[in-house]
Structure formats: structure tokens, C-alpha cells
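Visitor: any chance you can model this:
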Amino acid sequence: MTSNKKNRIDLIEAKLSEFENTKWAKRLRISSSVVWNLFLLFIVTGLTLSVFATSVGAGYFASLVAKEPLRPKEEMRNAIFTYEETSEIYLAGDVYIGKVNSDIERKETTLANVSPFILDAVYATEDEYFREHNGIVPKAIFRGLFQDVTNSSNQTGGSTLTQQLIKNQILTNEVSYERKAKEILLAMRLEHFMKKEEILEAYLNIISYGRNANGQNIAGVETAAEGIFAKSAKDLNLPQSAYIAGLPQGPFAYTPFKSGGGLKEDKFLTAGIDRMKTVLFRMKETEYITNQQYEEAIAYDIKKDFRDKSERANERYPYLIQEVQNRTVEILAKLIAKEDGIDPKRLAKEKKLNEKYSIMATRSMQNDGYRIYSTVNKDLYDKMRVISDEFEYYGHTFTREVTDPDTGEVSIKDDPVQVGAMMIENNTGKILSFVGGRDHQQEALNHATQAYRQNGSSMKPLLVIAPAIEMGYIGAGSPMVDVKFSVPQAGGKPWSPSNYTKSMELGIVPAREALAKSLNLATARLYRDIVDRRPAEFLDKMGISKLVPGDYTNFAVSYGGMDIGMTVEENTNAYGTFANDGKFIDAYLIEKIEDMEGNIVFQHESTPVDVFSPETSYITTDMLRDVLKPGGTGAKLKSHLNFDIDLAAKTGTTQGYGDAWLIGYNPNVSLGVWLGYKNRTRSLYNNLRGKTLHPSDRTSLLFARLLNGANEVTPELVGAASRFKQPAGVVTSSFCGISGLAPSEACSAAGLVISDLFNSKAMLPTEADDSIISSSYVTIQGNRYIALPSTPAEFVTAGGTGVNEAFITRILGPWKGDANKLFPANSLFASKIVSGSIFKADEANPVAVTTTLTDNTISWGDSPSSDVVGYYVYKNGEKVAAIPEAAAKSYSVGVGSYYVVAVDITGRLSANSNIVTIEAPEVVPVVPEVPEGGVVIPPVSPVVPPTNGGPVVTPPKNDD
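Guide: Now for the predicted structure:
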């Protein structure tokens, strides 16, 4: 068997040997040898060229990335996870209100909150080999390189998700080989530092998705889902997921919304829908979805899911959003400055430094994804806004010319009455709500927080009354002097203020009446007495920010004449001091700020400032209650309230009705209201009488409606049942009403003792009154004066109560004034006191008067002389009557000749007036007739004219 096999092999070898010896076999052997050698040559050459090309490519690649630093793990991770996220605003109770204004809107999410359809769509469309590659796909890179080199019209791209992440977060969108080389290098490096899930989640949070329904630029899959379909990313269906997954390739071409917001026309929606179908096809091809799912998704009407345009937060709440943003920037600027080692207090003093950190803070607020929590109550804010929008008594709307700064074009715009209002929680300082203005588009200035205006008479309790009580200068009923004065001014005309009613002078009045009636003269005189003790420092403690040196000495500041003024927030906040037992708690709008991880970066902390004692605060509050009572300047307010509340308040208007204020508070909240024009020279009332309500009536009505509304929607904040509690140090004490001193026997006998509240820790009336004297007096032109020894007794009222010259000098003080006005006829003390002033009569006889006769009554006018105390009436040369100057200037007369003589306080007489005469009527005798029978009929008695205007008298019959 073996032998046979060997024979066959030998036979084959013999055949081969024979074949090799043939001619054509020899030729084939030579050709194949040549081919083999050539093949070997090509292989060697190819390998050599490949090594050379690779070396050149590697060298070129190395040169492109030579300047790229070797980034450590933490640096790369921080760069990837540091992406812009839009900050959000929440109101009280964690009520979400909207996002801050920013260039792009983004909200972070996690993979657990993303629909699986989104993930599959991204894999199928953007990175098919995401789970397998190490950051790059070489064949995709070479394909892209070849297309670029050949300038192919079909550019398929070759970037993995990792590369896109590197491009967006670490590098730039620059188109260059250097950037691409760095991208490749960093992508491979990043794959060593991050898990695939982390890379995917970061990609979904940073990539751009075009615009939302409002036209806002958006990034991040959660923002895209909310902005396009009004749902969370975890709730997206297959077609919606495919639509969103297709957007990153051309976010603004494929987005369904226009730049100004709203849906595009149908013809412009086609590109985005076609892109969605492409994504669905890729998902089917890569077997992420079945053919049935694909067919159903293709047929789906995606257009019906696009959300409608809605108002942004800054459109729905323009004043509120802007104010929250402003205050957030202010807070963040201080935090950033502090991190840089800069004292935050310097920002308030150094303008350029403040600008620098404000810019940094603005960027941080817009892009760092903060959660900003405000103190504002949404229900209350909405209610106050509705009330202010519907208020019908703002007043006249003027017009004004506005010049465009770019074109120079002049246009006419409305100039309506503006409004500012704010409610603050007293014991915390929380700003619960505010009204910033009438129309933000017309006037963006927030009139509650940014407009500085003079506060008129609402200044009086803050700067004069409360400080005077705290200093021990007055109690609630202490006398104040409401008498005109004139103070010389350096280089100008004298300062001669007046009350609201320019002719009014109420003389000596209790402090609570002076405050309730808002008497300027009395307030200025009291301020004069305490100004050297710098009461404006109390304003500084209460957060009034725009005080200038002149405000500490200018007497007109006592009733609101500040150089710059204050905001509604500042004025309202200051009044809250009285409700807080004298402690000022600065108002605030931002409760806290959290970063994206929920860490608290800012938490508001209140620091109470001691301003007044609890005793002073309560007494001031009690006095301000009287403002709302009959006779007070805010008497109408309570008639507009629909619930009972322990309320203290103060009105205020400025010169020419440029501003109108009303500030009020109860133990829980303070509410301030302001009305005025943007143009401060415009009057709320002058030239408009009869066309609109009085400014104080307008503020009272609006204040009441706002308070009613607050009590309706947030009764727990208003706390209507709360009552102010009187501290133990507030006592009721009796005193002499005209001097403020302790009652003397003479004061008691005159009935001048009154009682009111005092701060027992600051002052009590202990020194006995020494102002009272007995006095006989006369009345001249409505004023009472001490009678002279020569004054005719007929015109003197004896046994009156008067005051001495020392008291007059003391009570009028350095500014002096007319002592005759201390106790005018409408004074509380007018019926009980004489001024004590001696009238300085001239040395001339009074000027005569002229009499007239009307129906048995003579009458005459006032003598032109100013010192006349009365008039004598003469009949047939004899004095028959003495008529006091204050009485009616007339006298009933009978038959005779009459004239009148004026009498002055010294007893001098004027010349006689003209004489008027009443003649006796002629008596016609009656001849008696002798009747038949010889009986004599007695004569009829004549009619006798009446005497002194009396009735006609008929004499009795003669019985004889």
C-alpha cells in the first residue's frame, strides 16, 4: 500500500520535471518572478509612504495641539459642568413666577428625567457608536477630512457627542484644523475622566435647541420640551422626541417659532418636520424603533402640539421682575466683591467699582441658575395691581413732547398721574406687595422703590413730633403755637410759611390737634426748638437714604421740604418703626438665593435699629389715630373701609399739590400710597378744581381700596383684630393747656386744665404754671386785648382770665409773631382766656362813620380806624346806647334826631356821623258829631307811632 503511494508521488514529480523543461513553462517562471518582485517593491514602497504620511500627519497633529495644555481631570470636569442656566424667581410660599431676563434660557435636568425616546433619537442621529467609542470615531474623522479636502458638497460631519461637548464647553466654534485637532485630543482625554452617562447628560443640558414659543433663545432638552411642547422632557412621546433631537443640527432653521415669538407660517415649518422624519428613519434603521412605530410617528400631526405664545414673566409682572433682578444684582455684587477681598461697603461709595461688580453680578444672575426667593405675596400683589389699574380717580392726563435721541423726531406722549404704593410687614420688614406705576411700557420707573419725591406733611411725625416726644420736649397734648412768623433769609426774601389754608392761624393748640390738622406753622416752630439736637439723625436711622447736609438744618424740612426726597418704600418703612415699638427693621424683597445644587448663597437677616422708645412710638401712634377722626386731614378714609382696624395714618401734600401721600399702619403692616406726575412741576389740583377730587381724597380712597383688598385676600397678613398696646411708661397726666406746665390754682380756676399722654421716662409736667393773670378786656376786630384805664367801661368785659407778658414772650419764642393770634375766636381756649396783649393804639381820634336809615333802623359801617372798641348812639344830643365793636352795627330808632360816634380803646371819640331824623306824624283833630237825641260820641284816639322800633300802641279808652 505504501509502495503504491510512493510510485504515484514519483510519477507526479516526473511529470512536473517534464513540464518545467518545456519552453513556455520556462517563460512563465521568469514572469512570475518579476511580478513577485514588483509586488514586494510596491508593498515596501506603500509601507514606507504610509509610515511617512503617518509621521507627517502625527507631526502636523502634534504641532496643532502643541500649545494645548495638559488639562487635569478636575479642570475638565468643571469646564464641562459649568454651563449657563437661567435663574428662576419664586414669590412667597415658593410660588414660581418665571425666569430672569437673559440672552438664553436653560434649565438643567438629569437622564432620569428624560424620555428614553430622546436618548434613542440622539444615539441614532448624533452618535451611533456612542457606547463603543473612546471619544472619537476614526472612520468618521477620515470621512470628514476627505470631504473637506475634496470640497465635497455632502458634508456629513464626524463629531461624536463627546467632541460636541468639548467644542461647546472648552473650545470654540472656530472652523480650523487646529480646533479640530484639540477637540479630538480632549475628547479622548475626557472619556477617561467622565462616565458615558455624565457625558450624555451634559450634552443634553448644554446644546442649543433654537427658540421657544415666546421667541426666547433656549438650550437644554428640558427647556426645549417646556418651550416647544409645554411639557417636561420625561413626558415627550416619540414624534416630539424626534423633533427635539433633530433641532441641534440647525436649531434656528428647524425651530417652529419666530424670533419675536409665535408659530412660523406653515411653509417655514416644513424644514423642521422633515428633519424630524429623518431622525425617525435613522431610529428605525438602527432598530431603536419598529417599523410600525416609525409609520405611526411619520403620520403624527406634530404641529398640533406646538405650544401657543404666552406672556413672559417680565411681561406679566414687569415692575416686579425688574425689582427682583435689581436687588439680586445688588446682593450678588457684594458677594462677588467679598470673594475678591473687596469690602462690599466700598461699592456704595465708589461708582466705577460698583459698575464693575454690578456687571459681573448681572452675568451671574442671568447665567448661573440661581433660585431667587422673594418676599412678595402673589395673591396680594395681583389684587393690588387690579385695584390700582381699575382706580378711576387718578386725575387729569396731560401730554408731553418726547424727542428721540437717535432721530431727533419729536412725538407727543401721555403724561398721566403716576402711582406708587407698598405694603410692608412691620415685624420682619418683608415687602409683601407694591404698585410700581400705571403702565410699564409708558413709564418703566418703579414709583414705589426708585422715585425720590418730597414727602410733604407725612414728614411731621418722623422728624418733629416723635423726636420732640423722645427728647422730652412735648407730650401728646402739649401746647404748640400756630401763629405766623417771618424769618430773615441770607441773601433773599424772608421765609414766611403758612398753613394749608393760608389765612388760618389757630394760636395755641394741643400737639395732637396740630398733627391731626397738619399745621405747618406749629410744626415749624416746634422744629425750631429742637433743630440744634439734629433730629434728622432719626431719619438716617430709619433708612432715609438721600439726606444732604442742608436737610439737617433747613426748617422747611419739618413739613417735607427735603432737597432730594424719599421713596414710597422708605417713607412706608419709616412709619413701621412706630408699629415696632420704636425699632426700625429695614424693608427687603429677597428672602434667599440658592445655587443650582440647592446651596444657600444668600439668606436675609434683619438687624433691628433702636430709634425711638416704645413709649414715644405709642404716643405718636395714638396721635396719628386722630388724623382719621373728624377734623383730621384723613377723616374720610375710614368711611371707605369695609372692616374695622386699629389704624394710625398721616396725609401729606407738597407745594402746589405736586405730590400727595398717605401712610398708614396697624400693628401688623404698613401701607404707603403716593400720587403725582412725572413732571414735578405739574399740579394734581391747581387749575383742575371741580374737574377732579382733591388729592387727599384720592389718596384716602385708593389707600382704603388697597387695604380692603389686602384684607380680602390675605387677612392673616393684615391682622385686622390686632390692637396697639400701651406701654407701662405711657401715663396720662394733667397740665395747664396753654403752657404745658403743671396746673396752678389760677389755671384750674380758669378751667384750662387738660389731660393727655406723656412718656414718663422723658418728661412729666411738674413745674407749676405761672402764666395766668386776672384781666378785663376789649374786643377789636375779633381779637381780645387788655383794657386800658381810659377805655370806656361800656366796652370792657371785666373779670376775664389773661396771660402775662413773660408767658407771651416765652411761648412765641425767637420767631415772635402777633400775640393777638394766640387765642383767636376758633381756639380751644378762646372762651376762657385773654391774650394778655396790650393794643398799641394811635394818638388820633377815630375816623367818623356814616349812618343810614332803613325802616326805623339806623346802621353804619366799620370805622376805618383799627383801634375802635365800640360806638355811641345819640338821640337829640343825648347818648342812648353803646354798641360794642363786635356787635351788629345797627340800632332801632323812633321819632328824633340820631347820630353815631366811634370810640377807640383810649376813649377818644370820632366826630359825629351824619344825622338822621324821624319826624313825628301830623295829628288831625276829629270834630265830634252830635247825634240825634243830643248824645255826644267821644273822639277816635289818634294812632301814636312806635318808639325805638316797638309796636304800635293804642291808648286806652276814656271812661269819663
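Visitor: doesn't residue 513 make contact with residue 756?
Guide: No: Residue 756 is beyond contact range of residue 513, at 10.5 Å (criterion: CB atoms under 8 Å). Heads up, the C-betas are built off the backbone N, CA and C, glycines and all.
Visitor: where's residue 685 relative to residue 660, distance?
Guide: Using CB to CB, to the nearest Å, residue 685 is found at 9 Å from residue 660.
Visitor: mutual contacts of these two, please.
Guide: residue 695 (CB atoms under 8 Å, 6 or more residues apart in numbering).
Visitor: neighbour-wise, which of those two wins?
Guide: Taking neighbours as other CB atoms under 10 Å, residue 685 and residue 660 compare with residue 660 leading, 27 against 20.
Visitor: give me the distance between the more buried one and residue 677.
Guide: Relative to residue 677, and taking CB to CB, residue 660 is found at 11 Å.
Visitor: now the common contact residues for these two.
Guide: Listed as contacting both residue 660 and residue 677 by CB under 8 Å, 6+ apart are residue 684.
Visitor: quick check: which element contains residue 869?
Guide: Element membership of residue 869 [criterion: DSSP states H and E] is strand 868-875.
Visitor: that strand pairs with which strands?
Guide: strand 878-884 (antiparallel), strand 896-904 (antiparallel) (DSSP bridges).
Visitor: what ranges does the stretch 751-900 of the chain have for its helices?
Guide: For the stretch 751-900 of the chain, the helices defined by DSSP state H, counting those that start in this stretch cover 805-812.
Visitor: where does pLDDT dip in it?
Guide: Low-confidence segments of the stretch 751-900 of the chain (pLDDT under 70): 834-837.
Visitor: just the strands in it please.
Guide: Assigned by DSSP state E, counting those that start in this stretch, the strands in the stretch 751-900 of the chain fall at 753-759, 772-780, 783-786, 797-803, 851-854, 857-860, 868-875, 878-884, 890-892, 896-904.
Visitor: list the neighbouring strands of the fifth one plus their orientation.
Guide: Next to strand 851-854 in the sheet, as set by DSSP bridges, lie strand 857-860 (antiparallel).
Visitor: centre of the chain to the partner strand, how far?
Guide: Here strand 857-860 is found 64 Å from its chain centre; the criterion is CA atoms, centre = their mean, to the nearest Å.
Visitor: can you check stretch 704-714 too?
Guide: With CA atoms, centre = their mean, you get 17 Å for stretch 704-714.
Visitor: list the buried residues of that stretch.
Guide: Going by neighbour count (16 or more other CB atoms under 10 Å), the buried part of stretch 704-714 is 704, 705, 706, 707, 708, 709, 710, 711, 713, 714.
Visitor: who's in contact with it?
Guide: So stretch 704-714 is contacted by 377, 379-380, 383-384, 386-388, 391, 421, 423, 432-433, 435, 637-638, 640-643, 645, 664, 669, 671, 673, 717-718, 720 (CB under 8 Å, 6+ apart).
Visitor: which of those are buried? Put it as a ChimeraX command.
Guide: Command for ChimeraX that selects the buried part of those, burial taken from 16+ other CB under 10 Å:
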select :377,379,380,383,384,387,388,391,421,423,432,433,435,637,641,645,664,669,671,673,717,718,720
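Visitor: measure stretch 255-264 end to end?
Guide: One end of stretch 255-264 sits 9 Å from the other (CA to CA, to the nearest Å).
Visitor: how far does that stretch sit from the chain's center?
Guide: 35 Å.
Visitor: helix or strand: which one has residue 727?
Guide: Here residue 727 is assigned to no helix or strand, by DSSP H and E.
Visitor: check contacts around it.
Guide: Counted by CB under 8 Å, 6+ apart, residue 727 has contacts 581, 614, 615, 618.
Visitor: highest neighbour count among those?
Guide: residue 618 (26 neighbours).
Visitor: how near is it to residue 758?
Guide: 11 Å.
Visitor: shared neighbours of these two, which are they?
Guide: Common neighbours of residue 618 and residue 758, counting by CB under 8 Å, 6+ apart, are residue 730.
Visitor: ranges for the helices of the stretch 351-500 of the chain?
Guide: Using DSSP H, counting those that start in this stretch, helices in the stretch 351-500 of the chain cover 351-367, 378-390, 460, 466-470.
Visitor: now the strands paired with strand 868-875 in TSV, with distance to residue 110?
Guide: Shown next, in TSV, are the strands paired with strand 868-875 (distance: least, CB to CB, whole Å):
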stretch	distance to residue 110
strand 878-884	97
strand 896-904	101
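Visitor: and among these, the most buried is which?
Guide: strand 896-904 (a mean of 23; mean count of other CB atoms under 10 Å).
Visitor: after that one comes which helix or strand?
Guide: By DSSP H and E, the next helix or strand past strand 896-904 is strand 916-918.
Visitor: which elements pack onto that next one?
Guide: Counting contacts by 3 or more CB pairs under 8 Å, 6 or more residues apart in numbering; DSSP states H and E, strand 916-918 packs against strand 851-854, strand 896-904.
Visitor: roughly how far is the first one from the heart of the chain?
Guide: Right, strand 851-854. Worked out by CA atoms, centre = their mean, strand 851-854 lies 66 Å from the chain centre.
Visitor: also the longest one?
Guide: Counting by CA atoms, centre = their mean, strand 896-904 is centred 69 Å from the centre of its parent chain.
Visitor: CA atoms only: put it into CSV for me.
Guide: Provided in CSV are the C-alpha atoms of strand 896-904 (Å, rounded to 0.1, in the frame of the first residue of the first chain):
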residue,chain,number,x,y,z
GLY,A,896,-86.0,162.1,66.9
SER,A,897,-82.6,163.0,65.5
TYR,A,898,-79.8,160.4,65.7
TYR,A,899,-76.1,160.3,65.1
VAL,A,900,-73.2,157.8,65.9
VAL,A,901,-69.7,158.3,67.3
ALA,A,902,-66.8,155.9,67.1
VAL,A,903,-64.9,155.2,70.3
ASP,A,904,-61.3,153.9,70.4
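Visitor: give the contact list for residue 673.
Guide: 419, 420, 421, 568, 661, 662, 663, 699, 702, 703, 706.
Visitor: tell me the secondary structure at it.
Guide: strand (DSSP: H, G, I helix; E, B strand; the rest coil).
Visitor: what does residue 323 give?
Guide: Per three-state DSSP, residue 323 ends up helix.
Visitor: next one: it from residue 450, what distance?
Guide: According to CB to CB, residue 323 stands 8 Å off from residue 450.
Visitor: settle it for me: which of the two has more neighbours?
Guide: residue 323 (23 against 18).
Visitor: doesn't residue 436 make contact with that one?
Guide: Yes: the criterion here is CB under 8 Å, and residue 323 meets it with residue 436 at 7.1 Å.
Visitor: pull up the overlap in contacts between these two.
Guide: 446, 449.
Visitor: ok, back up a step: C-alpha coordinates for the strand holding residue 869, PDB please?
Guide: Output of strand 868-875 as PDB, limited to C-alpha atoms (Å, rounded to 0.1, in the frame of the first residue of the first chain):
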ATOM      1  CA  VAL A 868     -62.200 151.200  67.700                       C
ATOM      2  CA  VAL A 869     -63.800 149.300  70.600                       C
ATOM      3  CA  GLY A 870     -67.300 150.400  70.000                       C
ATOM      4  CA  TYR A 871     -69.800 153.100  69.100                       C
ATOM      5  CA  TYR A 872     -72.100 155.500  70.900                       C
ATOM      6  CA  VAL A 873     -75.500 156.300  69.600                       C
ATOM      7  CA  TYR A 874     -77.000 159.700  70.300                       C
ATOM      8  CA  LYS A 875     -80.700 160.800  70.200                       C
END
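Visitor: list the contacts of that strand.
Guide: 778-780, 791-792, 794-795, 846, 849, 858, 860, 862-863, 879-885, 887, 889, 891, 893, 896-905, 909, 912.
Visitor: same thing with stretch 541-551?
Guide: With CB under 8 Å, 6+ apart, stretch 541-551 has contacts from 452, 462, 536, 539-540, 557, 562-566, 570, 573-574, 577, 584, 586-587, 609, 611.
Visitor: nothing else from me, thank you.
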